[in-house]
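Visitor: sequence first, predicted coordinates after that:
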Amino acid sequence: MCAVVLLDLAHACRCGCTDRLLSEEAAAHAHLFVLLGGGDVTETPVVAYGDARLLDSRSTAECVYRLKRAADDLDVHVMRVITSERGRERLLRYQQLLFTALYNFTYRLGCPRPAHTHSPEDEEEDVTSFLHTLPALGGPVRLLTSSLIPDCFGHGFSTRSGGVSYIPSLSSLNLFSSSRRRDPPAVVQENRRRLALHAGFHPRPLHLAKVSHCVRKNSLTAPSTKRIRAPLLQVKHSNQVWIMGEAEPESYDAIVTDRPGQVVAAPGADCIPIIFVDPVSKVVGVAHAGWRGTQMGVAMATVEAMVTHFGCQAKNILVVLGPSVGACCFTLEQEQASNFHQDCVTDPQSATPHVNIRLANRLLLQRGGVLPEHIHDDTVTDRSHVTPCTCCHPGDFFSHARDGPNFGTQVGFVWIKEVGTSH
């Protein structure tokens, strides 16, 4: 199996103890990188290791980031590191910040060195400071907003531009890190920071719904192509709502709160991020609605939580459906499609009918007491468009159907502005 080998001379000794380990790795025809910068040595030796690539930036964060980019360019996930005990301790923290569990690391140690004098915050500050310097990819951060939402609330739906994620299917404002994907936590955190700065809620944290997933195969039709058969991530607890302030469930697909300044968000990458606000009771919520969550009523579960816990009335609640897969690109097996209202299935006689999950959510919300004119989706023509098809617009949105398992995530977010401030 092809591997990347990192020879850490920044933290290793100069006694030659690594030569044997290096010769063993070289025999395996691995891609060799030499870490010279960002370590404890004050003088950089002249190194001649054949075709090895030198990582000699003063910042260890930049060196490790360059290593990851090179490994991604090579499509290599096996990483072998030759270092000292002290080097391993430091590099493990950089690994946690700049890699995910998709990358398989092993460490081989030369001579032990004394314990380091760095605190864990040193590595985190190094990574954070370095990521701040990276240029935005794909242009500036761009948001979609709805004129239905009053100014006493902050809100928006993110698009894919303005972040620092460089992997094509995640580029560039990916807002979710997973052990199954290649975007590490520190990069996603930097993307969230840039979103917060642009949207006006920095330095408040983003409380993202903890959607639980399992894999299930369904059909999607990409625009102007043959149908794609791809494993879709489906939620297990599709209508659970977290009432902020109560005990947080292990997983949930919606959040509601009446606390000013708390930014709540729902993810989406074909599934619908939905925003809820009640301008009378000053309550907000978000929900993540895939096809299964739609059937289980996650949208109305969010409305009911606002009514039950905060005294809202359904007729006062405003609802905005964000970017999501349209009926043009989403199909289900006939048995699954038959559970939707007939108006939501455009070709019911097909073996894999096209299903409009946006319309399904509208119908369920209206049945539950939300006024039709209080719902902003793709049927509304007198407001700005906030519900484009994610699969049809690769330059603007992430799509699991189109991009495959290493897909990025956009979000819908909302918060109650604090009295006396514009944020």
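Guide: Sure, I can see it.

Visitor: now D8. Nearest residue, chain neighbours left out?
Guide: Nearest in space to D8, with sequence neighbours left out and distances taken as C-beta to C-beta, 6 or more residues apart in numbering, is T83 at 3.7 Å. Quick note: C-beta positions are derived from backbone N, CA and C, even for glycine.

Visitor: list the contacts of that neighbour.
Guide: Contacts for T83 (C-beta atoms under 8 Å, 6 or more residues apart in numbering) come out as 6, 8, 11-12, 91, 107-110.

Visitor: got phi/psi on it?
Guide: phi -160, psi -170 (degrees, to the nearest 10).

Visitor: please report how far it lies from H288.
Guide: Using C-beta to C-beta, to the nearest Å, one obtains 41 Å as the distance from T83 to H288.

Visitor: over to F310?
Guide: In this structure, F310 and H288 are separated by 20 Å, where distance is defined by C-beta to C-beta.

Visitor: neighbour-wise, which of the two wins?
Guide: Taking neighbours as other C-beta atoms under 10 Å, F310 and H288 compare with H288 leading, 26 against 17.

Visitor: how about that one, what does it touch?
Guide: Going by C-beta under 8 Å, 6+ apart, H288 touches 209, 211, 235, 253-254, 266-268, 271-274, 298.

Visitor: may I have the helix or strand harbouring it as PDB, with CA atoms only?
Guide: Of the helices and strands defined by DSSP states H and E, H288 is found in strand 283-289. Output in PDB follows, covering the C-alpha atoms of strand 283-289 (Å, rounded to 0.1, in the frame of the first residue of the first chain):
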ATOM      1  CA  VAL A 283     -38.600  32.200  19.600                       C
ATOM      2  CA  VAL A 284     -36.500  30.600  16.900                       C
ATOM      3  CA  GLY A 285     -35.700  27.100  15.600                       C
ATOM      4  CA  VAL A 286     -34.000  25.100  12.900                       C
ATOM      5  CA  ALA A 287     -34.600  21.600  11.500                       C
ATOM      6  CA  HIS A 288     -32.900  19.200   9.200                       C
ATOM      7  CA  ALA A 289     -35.400  17.500   6.900                       C
END
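
Visitor: could you pull up the mean pLDDT of the helix or strand just after that strand?
Guide: Using DSSP H and E, the helix or strand that directly follows strand 283-289 along the chain is helix 291-295. Averaged over helix 291-295, pLDDT sits at 95.

Visitor: which non-adjacent residue is nearest the most centrally placed residue in the chain?
Guide: The chain has F176 as the residue nearest its centroid, 1.7 Å off, counting by C-alpha atoms, centre = their mean. With C-beta to C-beta, 6+ apart as the measure, T409 is the residue that lies nearest to F176, at 3.8 Å, once sequence neighbours are left out.

Visitor: pretty sure that neighbour sits against A269.
Guide: Yes - in terms of C-beta atoms under 8 Å, T409 counts as a neighbour of A269; the distance is 5.1 Å.
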